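In: got a predicted structure plus its sequence, pasted below:
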Amino acid sequence: MAESFTTHKQLPLVGRTRELAILLNQFEASLSSGLKIILLPGEPGIGKTRLLDELATHTKEAGATVLVGGASQDEGMPPYLPFLETLGGYIETCPLPALETQTAYLAPTLVTILPELAARLQIAPQTYQLPPEQARFRLFKAVGDFLHNISRYTPLVLLLDDLQWADPASLDLLGHVARYHQNASILLVGTYRETGLKDNPALDRTVFQLNRLHLPVTLPLKPFSEAAVNDLAAQFLGMALSSEVCAQLYTQSEGNPFFAEELLRQWLEEDRLVNTGEQWGFNATLGGETALPASIASLIDQHLTRLDEKVIAVLQVAAIVGRAFEVSFLANVLGDEPEAIEGKLLAAVNAGLVRPSDPNWYLFSHDKIREGIYAQVSSFRRRRLHGYIGRELELQGDLENARTCENLAYHFVRSGDRQKGAHYAWLAGEKALAACALTGAIAHFRSALDLLDPTDSRLAEWLFKLGETERLNSQDHAALATFHRAFAHFKTTGEKLGQARACYELGRTYWRLEDLKPAQQFLQQALDLLESLVEAGEWLVGVLVELGSLVAMSLNRQSEGLVYAYRALELTRHLAIPRLEAAACRVVGNLLARTNKIREALPLLENGLELARRENDLVEASECCACLSLVYFWTANFHQFMEILQLRAALAEQSQDTFQLRHVYSWQSLGEIMRGRLDAGEQLLNKTQKVVDKLESPEPKAFLMQGFAYINLFRGNYAEALELTEQSIAIFREVVPDNLCWYLGMLAYFRHRSGQDEAGVLAVLEEVESLLEPIDPASLVIADALTKIVPVALDRDDRDRVRKYYAMLLPFSGLYVDALVDRILAEMEIYLGDFPAAIRHLEAAETVAVIQGIMMEAAFSKVARYKLLLRLGNSEEARQNLTQAVKLFEDNGIKGEAALYRSLLTISKEENVPAKTAFPAGLSPREVNVLRLVAAGLSNRQIAQELSLSEKTVANHLTGIFNKTSCDNRAAATAFALRHGIAR
């Protein structure tokens, strides 16, 4: 029962003139500039609800539609309670033609949580079930659109009280409305206790998200001043207080208006105040000192001691029912006449403990009052009363109503009736799940299972449902434990399909946590069980899809994975289930793409996305986008890559599945980084961090670290880049050892760039080579690793490795695998002296870089052309290209590369370095010039050509440099040059 802010008589507002003015100004602003959000934090009794009352009155007079709702501390409340209260009341009173227009196509979705709408429009709820993530987005969109439609008729004021008690689903819905309806003429005001952010993580998260959108105005309500307390007392008593009384009232109440009113009520009851005709003073016969209550709760206790025991008994039952209660309902529970019950309630009204609300309804004057009365009920009596209330609700309630189910579950779970407690807790959980309130559903399911008899035939299926819900809510470890229990019970009863389903979910969940060995074992066990079952159908496709993906992507056995995937695709064509066909198309297409069969992969992936979107399967569509984005990435179609990533992000966000967001912003970040937008890339990585923090899987964290490593590398922070890379590789080595070749090449490159010792770099190169040896030569992981280790081999002047790598990389010409393969091939061809091939590959790379806006590659291609022109003897044009490269690096904030290549521009011939300049380690000017070119990545031959020296002379200079700087290799010498400012 929602509290109406305008039905009970109230004193004129005092002490909040400034706050009310701000609220009304924001209301006016919402009329012209869209959604405005005000947050009102404050301690209990500070006047938050009273301020909402006044705002409701003023905005109603201005022609606004005012919708009021709030969260409740009472257990047994349904998810979305604040919105159920606001919209439920509106639906019952809105003229039918307007309601039909405002709900229109939204009605079938809205009735899933708003039964009032079904009754009013005489329509039935949807009988088919959507995937949970899709249902959640559709529900959120429907509620948001409904509110927006209301605001098109009249300005809308949405008042949500006590958000410190709001459930996560309500707060997620609030965030959705704020994000997607910013152009609606809505003033949304939410109140919460000042400790609410600490006590309710979901509220803290929502407020943080609103602040990120720069939407809310936070208006903390502070205690009253002494003057405001005096004004309040004058309104309450009809006359001002003496200075002595006012001072003591202010001191004892600490400016809290509710506490002040209760103190005044107590003083009046104790005859401590005397009306002198001009003001209220203390009764001299009783003395001026009054006992100071320890808290509001102790004040309430003092009120109760003055009431008849029969009145207290009624209030105790009411406190167990909830904040609001109906007279006739209390009468039925207590076995008394409504008139007798109402007579007792009038005594409580006179004591200020309750007040009339709607006809036949009463309301506790404050939450603290109900809390205090509830605490006085003994545990035995409380349990008995819960049973009475539950049975009365059974007689009166509509079991299709989510609120009724929540109430029945709440009371019977606490009544000692295990059978009914389990039944109604499970029913409430199903209602919460249907409303996409996962946290509430899990709590109810767990309560039901705690009460269910261990021999009950429903136990295994209930456990299975709980496990599914826990995983949907990203509680993967909890889901594992639950699925294991479900499997054990299915095994006990001999249900093979149940065992297979549990194994399938165990495999999927272990894979999400990157625990690959049990993931494969359980998926294989599920497959073995399903092979013998006629009714395996859909489940068999699901297992084949997951097993094929796991074996190919995480265990790097792509041929074996494709066998499973093709079988799944063939099965879907017999089953004719588009949702399953989309998944099979995705997996086959993804695995083909990873073996460089792009032309075969692309139509399958596009078909999978089309099927998934046609079926409104948001998660599958997001997965298809993920695979398509990789194809566009590898084929260097950066415009399509960024577009499909944008769609992937939108679908993942709409799905409300946090796991779907684990990589998407990191990939968007990589796209921004390669376009030279480091700041934008860093913002996306920070966005990813917030997603990763919510997940239990370690892999997304490691993937994110590599993104931050790239940022640090290009900014010249080599030590930080290497540290992040080392940490990420440690995680990958633990969770995906069979897939390490996708990531390890980066470690070799970063160690080399950071000037690590030769042995450390060589060890990684050798490990990468050993990992690549058994892999299909057509696999894209070959190209991915080589684009990172080829620059290391070139810098090390390792001709044998360069030749070997060249033969391995050549089949991937035209692709982009963290670098344009054609540009890497050109660099090797320049080194090996195949200039015609280098020219062809470099021109291809330059064209793609410019057309696709890959600024990083455009700059590196300029550096490669500089090296090529040097080898061809065109020094002047070479320098022009190098100048352009440095400018591209500098313009895009790539400080590390800019510093590295800028040093080459300071060198023309030996005379560029003053002879008398003192250099670190006693280096000569000639050695400094050689060292700068070494740091820029030039080979001995290129340095010789640049400085008009022989290669033998360059080698001699390098020996002298190594001896003077105590460096063992070119990488260490490069690090020395960077530390001492030589490579600038």
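Out: Nice, thanks for sending it over. Numbers count the residues shown, from 1 in each chain.

In: let me see the domain layout of the chain.
Out: Using automatic domain parsing, the domain ranges for the chain come out as 17-218, 226-292, 302-377, 906-984.

In: need these in CSV with mean neighbour count, can you?
Out: Bear in mind the C-beta positions are built from the backbone N, C-alpha and C, glycine included. Compiled in CSV, the domains of the chain are given as follows (neighbours: other CB atoms under 10 Å):
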stretch, mean neighbour count
domain 17-218, 19
domain 226-292, 17
domain 302-377, 19
domain 906-984, 18
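
In: and those: which comes nearest residue 437?
Out: Residue 437 lies closest, by CB to CB, to one member of these: domain 17-218, at 3.1 Å.

In: indicate which one of the domains of the chain is closest to residue 555.
Out: Distances from residue 555 to each of those were compared using CB to CB; the minimum, 27.5 Å, belongs to domain 17-218.

In: endpoint to endpoint, the closest one covers what distance?
Out: Distances were taken as CA to CA, to the nearest Å; on that basis the terminal residues of domain 17-218 are 16 Å apart.

In: quick one: mean pLDDT for it?
Out: Mean per-residue pLDDT for domain 17-218: 89.

In: quick one: the helices in the stretch 251-400 of the chain, in order.
Out: Assignment of helices within the stretch 251-400 of the chain using DSSP state H, counting those that start in this stretch yields the ranges 257-269, 296-305, 309-321, 327-334, 338-350, 367-375, 379-396.

In: next, the angle helix 367-375 makes with the last one.
Out: If you take axes from the mean of the first three to the mean of the last three CA atoms, to 10 degrees, helix 379-396 sits at 110 degrees to helix 367-375.

In: which residues touch helix 379-396?
Out: Residues from elsewhere that reach helix 379-396, judged by CB atoms under 8 Å, 6 or more residues apart in numbering: 316-317, 320-321, 329, 332-333, 377, 404, 407-408, 410-412, 414-417, 420, 424.

In: which one's the longest helix in the chain?
Out: helix 132-153 (DSSP state H).

In: next helix or strand past that helix?
Out: For helix 132-153, the succeeding helix or strand toward the C-terminus, using DSSP states H and E, is strand 156-161.

In: returning to that earlier point: mind exporting the longest helix of the chain as PDB, just the C-alpha atoms?
Out: What follows is the C-alpha trace of helix 132-153 in PDB, where atoms were taken according to Å, rounded to 0.1, in the frame of the first residue of the first chain:
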ATOM      1  CA  PRO A 132      15.800 -13.600 -19.300                       C
ATOM      2  CA  GLU A 133      18.200 -11.000 -20.600                       C
ATOM      3  CA  GLN A 134      15.800 -10.100 -23.500                       C
ATOM      4  CA  ALA A 135      12.800 -10.000 -21.100                       C
ATOM      5  CA  ARG A 136      14.700  -7.700 -18.800                       C
ATOM      6  CA  PHE A 137      15.500  -5.200 -21.500                       C
ATOM      7  CA  ARG A 138      12.000  -5.400 -23.000                       C
ATOM      8  CA  LEU A 139      10.500  -4.800 -19.500                       C
ATOM      9  CA  PHE A 140      12.800  -1.800 -18.800                       C
ATOM     10  CA  LYS A 141      12.100  -0.300 -22.200                       C
ATOM     11  CA  ALA A 142       8.400  -0.700 -21.700                       C
ATOM     12  CA  VAL A 143       8.400   1.000 -18.300                       C
ATOM     13  CA  GLY A 144      10.600   3.800 -19.600                       C
ATOM     14  CA  ASP A 145       8.500   4.300 -22.700                       C
ATOM     15  CA  PHE A 146       5.300   4.300 -20.600                       C
ATOM     16  CA  LEU A 147       6.700   7.000 -18.300                       C
ATOM     17  CA  HIS A 148       7.800   9.000 -21.400                       C
ATOM     18  CA  ASN A 149       4.400   8.700 -22.900                       C
ATOM     19  CA  ILE A 150       2.700  10.000 -19.700                       C
ATOM     20  CA  SER A 151       5.000  13.000 -19.800                       C
ATOM     21  CA  ARG A 152       3.900  13.800 -23.400                       C
ATOM     22  CA  TYR A 153       0.300  14.400 -22.000                       C
END
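
In: chain center to it, what's the gap?
Out: In terms of CA atoms, centre = their mean, to the nearest Å, the centre of helix 132-153 is set 20 Å apart from its chain centre.
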